[in-house]
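Peer 1: Sequence and predicted model, in that order:
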Amino acid sequence: MASETPRLRCSSQGSVLVVEFADRDVLDDVAIRQINSELVRQIEAAKTVHVLICFRGVEHLSSAALGTLITVNSLVKKRSGQLRLSNIKGTILEVFRITKLDRLFQIHDTSEQALAAFPKS
Amino acid sequence: MMSTSNTGFDSGNVNVSASAEELEVLQTSVASALTRHAYGEHALFSIRLAIEEAVMNAIRHGNLSDPAKTVEARWSVGAESATFHIIDQGEGFDPAAVPDPTLDENLEIPSGRGLMLIRAYMHEVRHHGLGNHLEMTFRREAVA
């Protein structure tokens, strides 16, 4: 069942919590703080252990948003799950490459490819 | 405040406190000037990101999020280049002492990537005074 929040759209697909951003810009501090607390709340409440964050529609991303992704990655790993990212636009993918975070995160072209890569429970 | 000079430069000046609205006013004014000078999409993306990182660093690390302090943002956009001055009211810092966030041991630290993104996306980056005055320039001809 899908649930709507102001900053995120979350749904479950099998053993995976799928998260999409409601806004095209993930930049300003207030929005990122809201996203951070909403993500942590959703992950802690989820019955699933794996998380897919889909960047469809996201045009801008700041280093503070990258920090949130790193925090979420640690949280998911602590729960013995995996975090995967998908549908990242070329300009934003460049930000991941420059910061070398493409080495830390599992990044897929599409959400379908990402979902197929999670371990089957 | 924004103005257009007869030398072909658009320029402006915004004081940003901790308010997202003031930063958005700055971003919108700069984006309008860049569009007027026919800068491309990647230039707009790069400059928007660099401004965001510079102002947020100035608010967080320079002014230590003190709501009584402001960040002065001065900008000038011409046909060949766009230059920005971001000045905070903090104690300054040594840019050389900022750890490299791309090292393996720092990769999982959630903060500390703003300055490296500014250096990656702008063509010239200088720190003046004690380090609390950042000057950054984007050169259009440097884009492939």
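Peer 2: All right, it came through fine.
Peer 1: Mind listing the residues bridging to A:I53?
Peer 2: A:V19, A:L85 (DSSP bridges).
Peer 1: A:Q113 versus that one, what's the distance?
Peer 2: As for A:I53, its distance to A:Q113 is 14 Å (criterion: CB to CB, to the nearest Å). Glycine gets a C-beta too; all of them are placed from N, C-alpha and C.
Peer 1: and what of B:D10?
Peer 2: 44 Å.
Peer 1: These two: which is more packed in?
Peer 2: B:D10 (20 against 12; other CB atoms under 10 Å in any protein chain shown).
Peer 1: Was I right to think that one contacts B:T35?
Peer 2: No: the pair B:D10 / B:T35 is not scored as a contact, 10.3 Å apart, by CB atoms under 8 Å.
Peer 1: Now do the shared contacts for A:I53 and A:Q113.
Peer 2: In terms of CB atoms under 8 Å, 6 or more residues apart in numbering or on different chains, A:I53 and A:Q113 are both contacted by the residues A:S86.
Peer 1: the helices in chain A, which residues?
Peer 2: Under the criterion DSSP state H, chain A contains helices at A:29-45, A:63-78, A:90-98, A:111-117.
Peer 1: how about those helices, which one is nearest chain B?
Peer 2: Closest to chain B of these is helix A:63-78 (CB to the nearest CB; 3.5 Å).
Peer 1: What ranges in the chain fall below the confidence cut-off?
Peer 2: Going with chain A. Applying pLDDT under 70 to chain A flags the ranges A:1-5, A:27, A:121.
Peer 1: Hmm, no, I was thinking of chain B.
Peer 2: B:1-2, B:5-7, B:142-144.
Peer 1: give me that answer again for 90
Peer 2: Within chain B, the ranges that satisfy pLDDT under 90 run B:1-9, B:17-22, B:65, B:67, B:141-144.
Peer 1: From A:D23, how far off is A:A31?
Peer 2: The value you get for A:A31 to A:D23, if CB to CB is used, is 7 Å.
Peer 1: do B:F45 as well
Peer 2: Distance from B:F45 to A:D23, by CB to CB: 16 Å.
Peer 1: These two: which is more packed in?
Peer 2: Per other CB under 10 Å, whichever of B:F45 and A:D23 has more neighbours is B:F45, with 19 against 16.
Peer 1: I'd guessed the more buried one sits against A:L93; true?
Peer 2: No: B:F45 is beyond contact range of A:L93, at 11.9 Å (criterion: CB under 8 Å).
Peer 1: Tell me how many other residues crowd the spatially closest residue to B:E41 that is not a sequence neighbour.
Peer 2: Spatially, and ignoring its direct neighbours in sequence, B:E41 is nearest to A:T91 (8.0 Å; CB to CB, 6 or more residues apart in numbering or on different chains). A:T91: 16 surrounding residues under other CB under 10 Å.
Peer 1: Spatially central residue for chain A, please.
Peer 2: Ranked by distance to the mean C-alpha position of chain A (CA atoms, centre = their mean), the top residue is A:I53 at 2.7 Å.
Peer 1: Could you pull up the residues touching residue 95?
Peer 2: The chain I'm using is chain A. A:61, A:66, B:49, B:117.
Peer 1: should've been chain B
Peer 2: B:P95 touches B:115, B:127, B:131, counting by CB under 8 Å, 6+ apart.
Peer 1: all strands of chain B, in order?
Peer 2: B:2-4, B:10-16, B:71-77, B:81-87, B:124-128, B:133-139 (DSSP state E).
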